[in-house]
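J.: here you go, sequence then predicted model.
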2 protein chains.
Amino acid sequence: MQKEIPLQDMQQDNEFERYESQFKALADKKRLHIMNILTQRGKTCVCDLAPLMGMTQSKLSYHLKILWDAGIIHKETKGTNSYYSINTKEINHLLSHELCCIFKPSC
Amino acid sequence: MQKEIPLQDMQQDNEFERYESQFKALADKKRLHIMNILTQRGKTCVCDLAPLMGMTQSKLSYHLKILWDAGIIHKETKGTNSYYSINTKEINHLLSHELCCIFKPSC
DNA sequence: AAAATTAATCAAAAAAAATTGATTAACATG
DNA sequence: CATGTTAATCAATTTTTTTTGATTAATTTT
């Protein structure tokens, strides 16, 4: 027998779950740094990002996957290269204008 | 011998560190729920919050401390009771207007 | 077609965060 | 002053996340 859970609570729970994963993605200095670099440089190849971050390829892939799974960066593959960039729409939806500035070259 | 680190990088590192702790605080479903309740009810006593969250006192204290350390909630003690509330200023600085709505009774 | 390049994935180990139950500290009440 | 209430802290355990190094898969180049 399953416990009755009101529909509204379930929707809210799902909403919280999505935000949880997005905040989790941002809750790390290294990943904030990645976000900042992607902002400055725009679409960037993993092969360029690795030396900029001073990170091994495998570690970088792990962190990029977390950002990508949370939907806050885009991914594009060309041949053997992968290019990542900020999902501006999602970031705008999530963060204050002030804070978005850290992830915007214009500021 | 210490490695030279440019001043700008250090400042940025500190900035990232602060945001890291704030996002970390928000990167948990239970804590988002706490934030939501504080938003709905305003200043709330721990003794009221515990049954609302269905949490033991010790666990709740742990999570409140994380939110408070990150500076996104206020704390006020009266006698043996502690009251917590949203730090609206800090939340506004951090989150988009849309998202603030989850933490604002007016929306 | 073989060799080289790039990035994702995997499994094991290490590190960090969360949970639990008990204790402590501060205050309030009879 | 003894008792009860509230919330913070602590230590031990469990769970989750991160790191590491190796392997794999896909594509490109020679």
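T.: Arrived safely, thanks for sending.
J.: tell me what angle the longest helix that chain A contains forms with helix B:7-26.
T.: Once chain A is assigned using DSSP state H, the helix that runs over the most residues is helix A:7-26. On the basis of axes from the mean of the first three to the mean of the last three Cα atoms, to 10 degrees, helix A:7-26 is oriented at 160 degrees to helix B:7-26.
J.: just give the nearest non-adjacent residue to A:Ser82, would you?
T.: A:Val46 (4.9 Å; Cβ to Cβ, 6 or more residues apart in numbering or on different chains). Heads up, the C-betas are built off the backbone N, CA and C, glycines and all.
J.: got the phi/psi numbers for the one you found?
T.: Backbone torsions for A:Val46, taken as degrees, to the nearest 10, come to phi -50, psi -40.
J.: OK, contacts around it?
T.: In this structure, A:Val46 makes contact with A:Gln57, A:Leu60, A:Ser61, A:Leu64, A:Asn81, A:Ser82, A:Tyr83, A:Tyr84, judged by Cβ atoms under 8 Å, 6 or more residues apart in numbering or on different chains.
J.: could you work out the most separated pair of those?
T.: A:Gln57 and A:Tyr83 (14.8 Å; Cβ to Cβ).
J.: could you check which of these two has the larger neighbour count?
T.: For A:Gln57 versus A:Tyr83, the count of surrounding residues by other Cβ atoms under 10 Å in any protein chain shown is larger for A:Tyr83: 18 against 11.
J.: could you look up the SS state of the more buried one?
T.: Per DSSP: H, G, I helix; E, B strand; the rest coil, the secondary structure class of A:Tyr83 is strand.
J.: quick check, it in contact with A:Leu64.
T.: No. Using Cβ atoms under 8 Å, A:Tyr83 is not in contact with A:Leu64; the gap is 10.8 Å.
J.: what's the end-to-end length of stretch A:70-85?
T.: Taking Cα to Cα, to the nearest Å, the span from the opening residue of stretch A:70-85 to its closing residue is 13 Å.
J.: could you give the average pLDDT over it?
T.: Model confidence over stretch A:70-85, given as mean pLDDT, is 98.
J.: is it up against DNA strand C anywhere?
T.: Yes. Part of stretch A:70-85 sits close enough to DNA strand C to count as contact by Cβ under 7 Å from any atom of the strand, namely A:Lys75, A:Thr77, A:Thr80, A:Asn81, A:Ser82.
J.: what is the most widely separated pair among these?
T.: By the measure Cβ to Cβ, the residues of stretch A:70-85 next to DNA strand C have their two most distant members at A:Lys75 and A:Thr80, which lie 14.1 Å apart.
J.: tell me which of the two has more neighbours.
T.: Summary of the neighbour comparison: A:Lys75 and A:Thr80, criterion other Cβ under 10 Å, with A:Lys75 having more neighbours (15 against 6).
J.: which residues touch the more buried one?
T.: Residues near A:Lys75 by Cβ under 8 Å, 6+ apart: A:Leu64, A:Trp68, A:Ser82, A:Tyr83, A:Tyr84.
J.: partner residues bridging it?
T.: The residues paired with A:Lys75 through beta bridges, assigned by DSSP bridges, are A:Tyr84.
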